[in-house]
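> let me see the structure of the following:
(chains A and B)
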Protein chains: 2
Amino acid sequence: MRAHHRIVLLTDGHSTPFLAKTAISLLRYRGSDIAAVLDRQADCQNAAKLFSVGGDTPVVGSVTEIADADALYIGIAPPGGRMPSEWRALILEALERGVDVVSGLHEFLIDDVQYVDAAEQSGAALIDVRRNRHRSTATAWKPIAGNVRIHAVGHDCSVGKMVAMLELQRGLAAAGQDAEFLATGQTGIMISGRGVPVDCVVADFVNGAAEQLVVDHANHDFLLIEGQGSISHPAFSAVTAGLLHGCAPDGLLFCYEAGRTKVKGLTDSMIPDMKQQLEVCLSFANLRHPCRAIGVAVNTRQLTEDQVDKELRWAEDTFGLPACDVYRTGVDRLVEASLSLRREIVSQ
Amino acid sequence: MRAHHRIVLLTDGHSTPFLAKTAISLLRYRGSDIAAVLDRQADCQNAAKLFSVGGDTPVVGSVTEIADADALYIGIAPPGGRMPSEWRALILEALERGVDVVSGLHEFLIDDVQYVDAAEQSGAALIDVRRNRHRSTATAWKPIAGNVRIHAVGHDCSVGKMVAMLELQRGLAAAGQDAEFLATGQTGIMISGRGVPVDCVVADFVNGAAEQLVVDHANHDFLLIEGQGSISHPAFSAVTAGLLHGCAPDGLLFCYEAGRTKVKGLTDSMIPDMKQQLEVCLSFANLRHPCRAIGVAVNTRQLTEDQVDKELRWAEDTFGLPACDVYRTGVDRLVEASLSLRREIVSQ
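This is a model prediction of the structure:
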């Protein structure tokens, strides 16, 4: 993907934490490349006021307010993946000025004749990060012991699997380790500039696409592979399964949001017992490659500060694993657990 | 799919049991609609001599030999899914005569300009059974107790999962039951004229496509859903997983080929323990819907007649389930197991 350093994030009229999670993550993990947030309706001056992240990054009403903008990133991940129709004029305005447009939606920019024409005239690029032509099946590659693969799984969608891997990558890097984050979803790809949009790969090639991602980065000491869906998710478990076999992880980090009991987007479906879910993940993963759980990342956003300790103790007792909230308590215990896994594998 | 009743099966130069498995299954399960086999190299007069199935169905050197042919079916399933280049003239000859061409390969007929032109001129149809536009996610539909769903899983690809379901459908129908076979792969779709090519659905929609298939047929007493891949297959386990959650089966039929120890097409990979595989299938399936194993279908093609009994006894002891070879010993015990599952569910 082209390198962009003056990005405008488009969340116009959809600047809620639930819908704008792509924009929020880009502000958090790629803040120095973000020039502005575009929301005509927002009644606040900066990103911090709109999203509680992003400091004084300005909120603007048009891409023309940022003279040197080099890209407009679609900052939302709506259920169903469709673009709001009222955004057409904003996107065309960017393209006409030669500003690249980057989207992670299922509906592709390059399938829209008007966008293609505008981009051709100005020389702007249309980048659909979910578009892919993966057409190779997994080969059951034999993992190299020096390349430790840790994969995030969770009890549901949108519980913080990507964030946990990004924070663990930072923690390992701070400890002097050679650790690489590997994106498997739209936001992760926008943050890291590469990856595989695994939920958009044709089913026969899902395991193969995940395998290719780890094979291409087997020269690192640690690979931290973003997870998708959950092993129990009625709609997305095939994606989760493809990643668990394709990446052939050595270790799993189990992620959950404290207080969430129902499947996101399917409010009639209760989330099955978490320990049972982790056990199924492990027995499934071990059909491909030896794998064990290394820790638990608890997303405590629904809890008050004084409830956090009790929740983490509950998680440690329940799973028999070190637990943390990567934002509130930091990743030190997960860094230690990762190093311990590596010592175990390398000494074998 | 259009109804065809004078089908020519194209296996030209590839008439081996391994490559021509689509043609062989069509001869076995749709024999009355098959007019001929097309193989210019074959040195025999009828299908029975070429494939040990299909009786006196003639083997011809050109589609022109069958004056009233209404379709040419691509009868092979080669690894990688590519069409032999020397078949182009044979396909064009059929299209020019107004004969429909039906293909289950990953490479689509409709992406070939020459085929499209020829079909347009003659009015023939180009039918790619693997092509699909499934774009809806699973909704975690609540199964109806009177609609019993039985799904085939196996220890590897190509072990007889489709055949076991087709034979069980015949057995249940012969016992006066309302049982429907639901295809999930190219050959099954060609046999039954409908189904979902689940291995070609985009990953996010695999569970949804499988769910739609069972929801659309929820008016039957028994649904017998063809399986794909295996829960341990390094390349295709995502497809297997999507079916196990999407179909929400009540019962699983475990299928294996006696004597096979290595993964088909990945000769460095040993097939994991079968009982362990069935346990993972069940624990995975039960995250979505209560499900138990009902029996074992053993493919004994590598065994002599006097080895069959011993193998079936081994299977029964190992799995604690009724076992049969659907060809050699019939499906009576599986019919009884299916009826017993239905009684159990309906009485709840």
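> in the helix or strand where residue A:253 lies, what's buried?
For residue A:253, the enclosing helix or strand under DSSP states H and E is strand A:251-257. Of the residues in strand A:251-257, those with enough neighbours to count as buried (16 or more other Cβ atoms under 10 Å in any protein chain shown) are A:251-257. C-beta coordinates here come from the backbone N, C-alpha and C atoms, glycine included.
> now do stretch A:41-50
Going by 16+ other Cβ under 10 Å, stretch A:41-50 has these buried residues: A:42, A:46-47, A:50.
> next, format these as JSON lines and append distance to residue B:247, secondary structure and pLDDT.
Shown next, in JSON lines, are those (distance: Cβ to Cβ, whole Å; DSSP: H, G, I helix; E, B strand; the rest coil; pLDDT from 0 to 100):
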{"residue": "A:42", "distance to residue B:247": "45", "secondary structure": "coil", "pLDDT": "92"}
{"residue": "A:46", "distance to residue B:247": "50", "secondary structure": "strand", "pLDDT": "96"}
{"residue": "A:47", "distance to residue B:247": "45", "secondary structure": "helix", "pLDDT": "97"}
{"residue": "A:50", "distance to residue B:247": "44", "secondary structure": "helix", "pLDDT": "95"}
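> list just the nearest of those to residue A:185.
Among the buried residues of stretch A:41-50, residue A:47 lies closest to residue A:185 (Cβ to Cβ), at 22.0 Å.
> how about the contacts made by the closest one?
Taking Cβ atoms under 8 Å, 6 or more residues apart in numbering or on different chains, we find residue A:47 in contact with A:27, A:34, A:37, A:53-59.
> and these, which two are the farthest apart?
For those, with distances taken as Cβ to Cβ, the pair at the greatest spread is A:53 and A:58 (14.3 Å).
> contacts for the strand holding residue A:253 next, please.
Under the contact criterion Cβ under 8 Å, 6+ apart, strand A:251-257 has outside partners A:148-156, A:159-161, A:164-165, A:168, A:227, A:274, A:278, A:281-282, A:285, A:291-299, A:301-302, A:315, A:319, A:321, A:334, A:337-338, A:341.
> gap between it and the chain center?
Distance of strand A:251-257 from the chain centroid (Cα atoms, centre = their mean, to the nearest Å) equals 14 Å.
> next SSE after that strand?
helix A:274-285.
> ok, now which ones touch residue A:208?
Contacts of residue A:208 by Cβ under 8 Å, 6+ apart are A:134, A:136-139, A:246, B:235.
> can you rerun that using 10 Å?
Contacts here follow Cβ atoms under 10 Å, 6 or more residues apart in numbering or on different chains; on that basis residue A:208 touches A:134-139, A:141, A:196, A:201-202, A:242, A:246, B:234-236, B:238.
> pull out the buried residues from the helix or strand containing it.
Of the helices and strands defined by DSSP H and E, residue A:208 is found in helix A:206-215. Across helix A:206-215, burial judged by 16+ other Cβ under 10 Å covers A:206-215.
> cool, and stretch A:96-103?
Of the residues in stretch A:96-103, those buried by neighbour count under the rule 16+ other Cβ under 10 Å are A:99-103.
> output those of the contacts of strand A:251-257 also counted as contacts of chain B.
On the criterion Cβ under 10 Å from any Cβ of the partner chain, A:281, A:285 are the entries of these that sit beside chain B.
> please flag which of the contacts of strand A:251-257 sit within helices.
Residues of the contacts of strand A:251-257 located in helices (DSSP state H): A:161, A:164-165, A:168, A:274, A:278, A:281-282, A:285, A:315, A:319, A:334, A:337-338, A:341.
> coming back round to it: narrow the contacts of residue A:47 to just the buried residues.
By the neighbour-count criterion of 16+ other Cβ under 10 Å, the contacts of residue A:47 include these buried positions: A:27, A:34, A:37, A:53-54, A:57-59.
> now, which of those lie within helices?
The helices in this structure, assigned by DSSP H, contain residue A:27 from these.
> for residue A:258, give its distance to chain B.
The spacing between residue A:258 and chain B, counted by Cβ to the nearest Cβ, to the nearest Å, is 21 Å.
> residues contacting that residue?
Applying Cβ under 10 Å, 6+ apart, we find residue A:258 in contact with A:159, A:298-303, A:307-308, A:310-312, A:314-315, A:325.
> among those, name the buried ones.
Applying 16+ other Cβ under 10 Å to these, the neighbour count classes A:159, A:298-300, A:303, A:308, A:311-312, A:315, A:325 as buried.
> ok, these vs chain B, which is closest?
The shortest gap between chain B and any of the buried ones among the contacts of residue A:258 belongs to residue A:159, at 16.3 Å (Cβ to the nearest Cβ).
> skipping its backbone neighbours, what lies nearest that closest one in space?
Taking Cβ to Cβ, 6 or more residues apart in numbering or on different chains, and ignoring the residues beside it in sequence, residue A:159 has residue A:257 as its nearest neighbour in space, at 4.4 Å.
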